[in-house]
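>>> Just to be clear, the model below is a prediction. Sequence and coordinates:
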Amino acid sequence: MNSDIVMNNSIWGKAVRICGLYCGLILIGCAVAPDQRHYVDGVVMVAPPAPQPEVIGDAPVAGEVWLAG
């Protein structure tokens with residue numbers, strides 16, 4: 001009788017773990033991408049910021065190249 005209870009608990013334990021894994025895998029596929037259509041009508045009335053001055057220094061190691069920005 002006791003072995004039947006242990007076996008029954010073992011089967012239910014496996015079933016719960018399998019069900020949890022299955023539900024988890026299903027929920028992974030339910031990811032929803034946010035809405036990308038955020039358009040606002042109107043004209044921007046603010047000028048862009050002034051360009052930042054960049055100082056080109058000496059290369060710390062020979063063979064390096066300066067990239068602006």
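Nice, I can see it. Numbering: from 1, shown residues only.
>>> Quickly note the distance from residue 47 to residue 41.
20 Å (CB to CB, to the nearest Å). For every residue, glycine as well, the C-beta is placed using N, CA and C.
>>> Neighbours of residue 54, how many?
Using other CB atoms under 10 Å, the number of residues around residue 54 comes to 9.
>>> Low-confidence bits of this structure, can you list those?
Along the chain, segments meeting pLDDT under 70 span 1-9, 38-40, 69.
>>> in it, which spans are helices?
2-28 (DSSP state H).
>>> Is residue 59 in contact with residue 67, as I believe?
No. Look at residue 59 against residue 67 with CB atoms under 8 Å: they stay out of range, at 11.6 Å.
>>> Compare neighbour counts for those two and give me the winner.
residue 59 (10 against 5).
>>> and the more buried one, what is it in contact with?
Shown in contact with residue 59 (CB atoms under 8 Å, 6 or more residues apart in numbering): 65-66.
>>> Give me the phi and psi angles of it.
phi -70, psi 130 (degrees, to the nearest 10).
>>> Same question for the one 5 residues further on.
Recorded main-chain torsions at residue 64 are phi -80, psi 150, according to degrees, to the nearest 10.
>>> What about it, how many residues nearby?
9.
>>> so how far is residue 29 from it?
For residue 64 relative to residue 29 (CB to CB), the value is 46 Å.
>>> Can you give the distance of stretch 25-32 from its chain's centre?
Distance of stretch 25-32 from the chain centroid (CA atoms, centre = their mean, to the nearest Å) equals 14 Å.
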